[in-house]
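Visitor: take this sequence and fold it.
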Amino acid sequence: MGQFNKSIKHDGGRYDVEVDIEGDQAVIYFGPSFTLRVDEENLDNLRELLFEASRNLASNRSAQRVCWATGEIEANPSQHRNLEDEFIQAGIDAREQLKSERMMQGTASPITNDPIDW
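Guide: Next comes the predicted model:
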């Protein structure tokens, strides 16, 4: 068994991936069918490639996220603001709503730029 190992689930079942360090190279075994021998620089390149692929999958997954404000499933989030913008806008809207309600109750006076009203 390799120094580092992990059972990786894929669409056809599971695959044992093992990594051994031999001198200045990492030897990656993908089950009994494929072995990849790389130096440190190329191991880092592989890691970066896998990380970018993982980020892309996460982005695709979020493409079908549920909008927190409406509870509706968003099929294409690129047509909507990102989640942070939604939170900021919700805070602005809530503040404006509260200000409007207070003005209607007479507990706050309208803000103007006229020095007479200061």
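Visitor: going forward, measure contacts between C-alpha atoms and count neighbours the same way
Guide: OK.
Visitor: pLDDT averaged over the host helix or strand of R55 - what is it?
Guide: Using DSSP states H and E, R55 sits in helix 40-62. With pLDDT averaged residue by residue, helix 40-62 scores 88.
Visitor: tabulate the CA atom coordinates of the next helix-or-strand element following that helix in CSV.
Guide: Per DSSP H and E, helix 40-62 leads on to helix 83-105 as the next helix or strand towards the C-terminus. Extracted in CSV, the C-alpha atoms of helix 83-105 (Å, rounded to 0.1, in the frame of the first residue of the first chain):
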residue,chain,number,x,y,z
LEU,A,83,-25.1,36.0,-2.9
GLU,A,84,-23.0,38.7,-1.1
ASP,A,85,-24.7,41.4,-3.2
GLU,A,86,-28.1,39.9,-2.4
PHE,A,87,-27.4,40.1,1.4
ILE,A,88,-26.2,43.7,1.0
GLN,A,89,-29.3,44.7,-0.9
ALA,A,90,-31.6,42.9,1.5
GLY,A,91,-30.0,44.9,4.3
ILE,A,92,-30.5,48.2,2.4
ASP,A,93,-34.1,47.2,1.6
ALA,A,94,-34.8,46.3,5.3
ARG,A,95,-33.3,49.6,6.5
GLU,A,96,-35.4,51.6,3.9
GLN,A,97,-38.6,49.6,4.9
LEU,A,98,-37.9,50.4,8.6
LYS,A,99,-37.4,54.1,7.9
SER,A,100,-40.6,54.2,5.9
GLU,A,101,-42.6,52.5,8.6
ARG,A,102,-41.2,54.9,11.3
MET,A,103,-42.1,57.9,9.1
MET,A,104,-45.7,56.6,8.7
GLN,A,105,-46.0,56.1,12.5
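Visitor: name the helices or strands packed onto helix 83-105?
Guide: Applying 3 or more C-alpha pairs under 8 Å, 6 or more residues apart in numbering; DSSP states H and E, one finds that helix 83-105 makes contact with no other helix or strand.
Visitor: buried stuff in that helix?
Guide: Buried residues in helix 83-105, counted by 16 or more other C-alpha atoms under 10 Å: K99.
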